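*Asks:* pasted the sequence and its predicted model underneath.
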Amino acid sequence: MKKRVLVSLALATSVLLQGCGNSSAKEALNIIEDDYRTNYEIFVYSFADSDGDGIGDLKGITNHLDYINDGDDSTDTDLGCNGLWLTPVCPSTTYHKYDITDYTDIDPQFGTLEDYEELIQACHERGMTVTFDFVMNHTSSEHPWFQEAVSYLKTLPQDATTEDFDESVCPYVNYYNFSKEAKDGYEKLEGTDWYYEARFWKGMPDVNLDNEKVQQEFFDIAKFWMDEGVDNFRLDAVTSYYTGNPEKSIEALSKLNDAIKSYNPNAYIVGECWTSQEEYASYYKSGIDSFFDFAFADKDGIIAKCAKGIIPASSFGKALEKEEALYSSYNSDYINAPFYTNHDINRSAGYYSGDYALSMAKFAGGLNMIMSGNTYLYYGEELGMKGSGKDENKRAPMQWGEEDTDALCDGPTDMDDVKMLYGTLSDQKEDTTSIYHYYKDAIRLRNTYPVIARGATTYLGDCDSDGLCVLSKTSDDYDDVIIIINNSEESCVGDISSFITDDAEITYELLANDVTTHGELKDGVITVPPYGIIVVK
Ligand SMILES: [Ca+2]
Ligand SMILES: [Ca+2]
Ligand SMILES: [Ca+2]
């Protein structure tokens, strides 16, 4: 990218008096309990152990809720997230537990239903919601439905076809997609001449979502968990509901959405629709509240590209404005679900190299936190944890450090030795320039101005500096803000006089590179430090 850069000689003194994010004077929080939250995703197996077996569990999470949110707005020793998404907690044969053998219980490795209820209650007491990971595409091959169907198939004569299936003998034979043909996405059923659909792995047979009895089973499962106190659902693998047939997947989502909302109109649902932005945008037709915003995530997503300087800062603002128009064209009530990494994606600290790698890793988190919608942060991202390659490496133990050596988990058995770059939580707590303190500040920024999550984004255009992006967040219900982003390793100066009032001032700064050099706004000309995000009101 071509940059026009002016190095600022401005001194920080004038700004220090204005109550910036990195200085001691902070604006009050303004947290609203709606569906525009900051969620913390926990990979349960690797987060916090409570009983010394090296496996993360529900009690371990409850014990560490103060780290995420201590329920006291006057303290800032917690991260300030107000939603929790737990990866699956039901009984399963694997460490990740996306192959479920019983949809209405808790895996004994993680605890009991009582532990889960206690966790939910503790979250609610702190104003946090709990999101249940809902796996409707497939069950485990060890699930009784599949086991019974397989036993039944083995009793059928050699020349039997699907036409011969008798549900009065085996009610579960049509819960899955069996075939005598070896089709794409199908696995051989051992000891028979049948095949079954299994898109992810032979241990995860796809269910037959055309079957109304299967639909009803999942509606009942959702009700069960809502009765347990679950607030929200995260839907796993929605593009695989009907592989290669988005319209049918969307139809299945509509039915699930209606079933859940008719039971609890306040339930919020986010779908994992891991495909192109154009395609997941179209899934908003289903009425599901949110879909994860994959276009901005991962090492090649818009956030990382902006942090690396591969695209100009303005492209970030333009992309926000564009996607808001795109999603609302399918559902005017949509809520974006921005995220930057998750348990299936290489961890962010490995995306960057060179002298500014740490600044870029911080700044990327800042970009995520200024996006509109209900945002998600993957545990350990706030410590710049590493982990790439095989999935196990992306799910390494939370680095509590000396803070809590008892809670440290062993991590997945097949995980490589993952070397961390930026230290443990206890190391980073001591260092006010750490990625941990930056993330806390970025979440605080989001919690200070409700319009950031709830407002519409407008890219405000040219401010005579290619290194800067100037955007506004506006809404009828909350005070508007202007945000200026510098994605370069130099201070950048831009004329923003046409976008602000005469008495506008800098009210918050997120400084990813050097917390001692502050931005300056004078006569409509703003100076933004390297990798800085500045709010002007
Ligand atoms: Ca344990
Ligand atoms: Ca607090
Ligand atoms: Ca499927």
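*Replies:* Looks like it came in fine. Ligands and ions are numbered 1, 2, ... in the order given.
*Asks:* and for residue 147, the neighbour number?
*Replies:* Per other Cβ atoms under 10 Å, the neighbour tally for residue 147 reads 14. (Each C-beta comes from the backbone N, C-alpha and C, glycine too.)
*Asks:* with residue 211 instead?
*Replies:* Residue 211 has 16 nearby residues by other Cβ under 10 Å.
*Asks:* tell me which residues touch it, please.
*Replies:* Going by Cβ atoms under 8 Å, 6 or more residues apart in numbering, residue 211 touches 174, 175.
*Asks:* kindly recompute the last result at 6 Å.
*Replies:* Residues in contact with residue 211 (Cβ atoms under 6 Å, 6 or more residues apart in numbering) are residue 174.
*Asks:* residues in contact with whichever residue of the stretch 201-350 of the chain sits closest to ligand 3?
*Replies:* Of all residues in the stretch 201-350 of the chain, residue 206 sits closest to ligand 3, at 3.7 Å by Cβ to the ion. The contact partners of residue 206, by Cβ under 6 Å, 6+ apart, come to 137, 138, 197, 199.
*Asks:* now, which of these lie close to ligand 3?
*Replies:* residue 137 (Cβ under 5 Å from the ion).
*Asks:* export the lengthiest helix in the chain as PDB, just CAs?
*Replies:* Counting by DSSP state H, the longest helix found in the chain is helix 246-263. Written as PDB, here are the backbone C-alpha positions of helix 246-263 (Å, rounded to 0.1, in the frame of the first residue of the first chain):
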ATOM      1  CA  PRO A 246     -28.000 -23.900   0.900                       C
ATOM      2  CA  GLU A 247     -31.700 -23.400   0.300                       C
ATOM      3  CA  LYS A 248     -32.500 -26.600   2.200                       C
ATOM      4  CA  SER A 249     -30.100 -25.800   5.000                       C
ATOM      5  CA  ILE A 250     -31.700 -22.300   5.300                       C
ATOM      6  CA  GLU A 251     -35.100 -24.000   5.500                       C
ATOM      7  CA  ALA A 252     -34.000 -26.300   8.300                       C
ATOM      8  CA  LEU A 253     -32.600 -23.200  10.100                       C
ATOM      9  CA  SER A 254     -35.900 -21.400   9.800                       C
ATOM     10  CA  LYS A 255     -37.700 -24.300  11.400                       C
ATOM     11  CA  LEU A 256     -35.200 -24.500  14.300                       C
ATOM     12  CA  ASN A 257     -35.400 -20.800  14.700                       C
ATOM     13  CA  ASP A 258     -39.200 -20.800  14.900                       C
ATOM     14  CA  ALA A 259     -39.100 -23.800  17.400                       C
ATOM     15  CA  ILE A 260     -36.600 -22.100  19.700                       C
ATOM     16  CA  LYS A 261     -38.100 -18.600  19.500                       C
ATOM     17  CA  SER A 262     -41.700 -19.900  20.100                       C
ATOM     18  CA  TYR A 263     -40.400 -21.400  23.300                       C
END
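*Asks:* which strands and helices lie in contact with it?
*Replies:* Packing contacts for helix 246-263, counted by 3 or more Cβ pairs under 6 Å, 6 or more residues apart in numbering; DSSP states H and E, involve helix 212-227.
*Asks:* what mean pLDDT does the helix it packs on get?
*Replies:* When pLDDT is averaged along helix 212-227, the result is 98.
*Asks:* just curious, which of the contacts of residue 206 is nearest to ligand 2?
*Replies:* For these, the nearest to ligand 2 is residue 137 (37.5 Å; Cβ to the ion).
*Asks:* and the closest one, what are its phi and psi?
*Replies:* Here is the backbone geometry of residue 137 (degrees, to the nearest 10): phi -70, psi -30.
*Asks:* give me every residue that touches it.
*Replies:* Here residue 137 is in contact with 206, 237, 240, 241 (Cβ under 6 Å, 6+ apart).
*Asks:* most widely separated two among these?
*Replies:* Using Cβ to Cβ, those span at most 9.5 Å, a distance reached by 206 and 237.
*Asks:* and the residue nearest to residue 337 when sequence neighbours are not counted, how many neighbours?
*Replies:* Using Cβ to Cβ, 6 or more residues apart in numbering and skipping residues adjacent in sequence, the residue nearest residue 337 is residue 290, 3.9 Å away. Neighbourhood size, residue 290 [other Cβ under 10 Å]: 25.
*Asks:* the residue nearest in space to the middle of the chain: what's its closest spatial neighbour, skipping adjacent residues?
*Replies:* With distances taken as Cα atoms, centre = their mean, the chain has residue 376 as the residue nearest its mean C-alpha position (3.1 Å). Closest residue to residue 376 apart from its sequence neighbours, by Cβ to Cβ, 6+ apart: residue 339 at 3.9 Å.
*Asks:* next, count neighbours for that neighbour.
*Replies:* 27.
*Asks:* the closest residue to ligand 3 within the stretch 351-500 of the chain and residue 345, how far apart?
*Replies:* Going by Cβ to the ion, ligand 3 is nearest to residue 391 of the stretch 351-500 of the chain, at 20.1 Å. Counting by Cβ to Cβ, to the nearest Å, the gap from residue 391 to residue 345 is 10 Å.
*Asks:* what's the answer for residue 535, then?
*Replies:* 28 Å.
*Asks:* which of those two has more neighbours?
*Replies:* Counted by other Cβ under 10 Å, residue 535 and residue 345 do not tie: residue 535 has more neighbours, with 24 against 20.
*Asks:* in terms of secondary structure, what does the helix or strand hosting that one contact?
*Replies:* According to DSSP states H and E, residue 535 maps onto strand 532-536. In terms of contacts (3+ Cβ pairs under 6 Å, 6+ apart), strand 532-536 is packed against strand 481-486, strand 506-511.
*Asks:* of all these, which lies closest to ligand 1?
*Replies:* strand 506-511 (36.0 Å).
*Asks:* so what's the residue nearest to residue 337 bridging to?
*Replies:* Residue 290 forms beta bridges with residue 270, as assigned by DSSP bridges.
*Asks:* ok, it - contacts?
*Replies:* Residue 290 is in contact with 270, 335, 337, 374, counting by Cβ under 6 Å, 6+ apart.
*Asks:* want to throw those into TSV with neighbour count?
*Replies:* Listed next are the contacts of residue 290 as TSV, based on neighbours: other Cβ atoms under 10 Å:
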residue	neighbour count
270	26
335	23
337	24
374	25
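*Asks:* in helices only, show me these.
*Replies:* Per DSSP H, those never map to helices.
*Asks:* now flag whichever of those residues is closest to ligand 2.
*Replies:* Taking Cβ to the ion as the measure, ligand 2 lies nearest residue 374 of the contacts of residue 290, at 19.8 Å.
*Asks:* need the mean per-residue confidence for the longest helix of the chain.
*Replies:* Rounded mean pLDDT across helix 246-263 is 98.
*Asks:* what's that helix in contact with?
*Replies:* For helix 246-263, contacts defined as Cβ under 6 Å, 6+ apart pick out 209, 219, 222-223, 226, 238, 241-242, 267, 283, 285-288.
*Asks:* farthest-apart pair in these, please.
*Replies:* Spatial extent of these (Cβ to Cβ) is set by the pair 226 and 242 at 25.4 Å.
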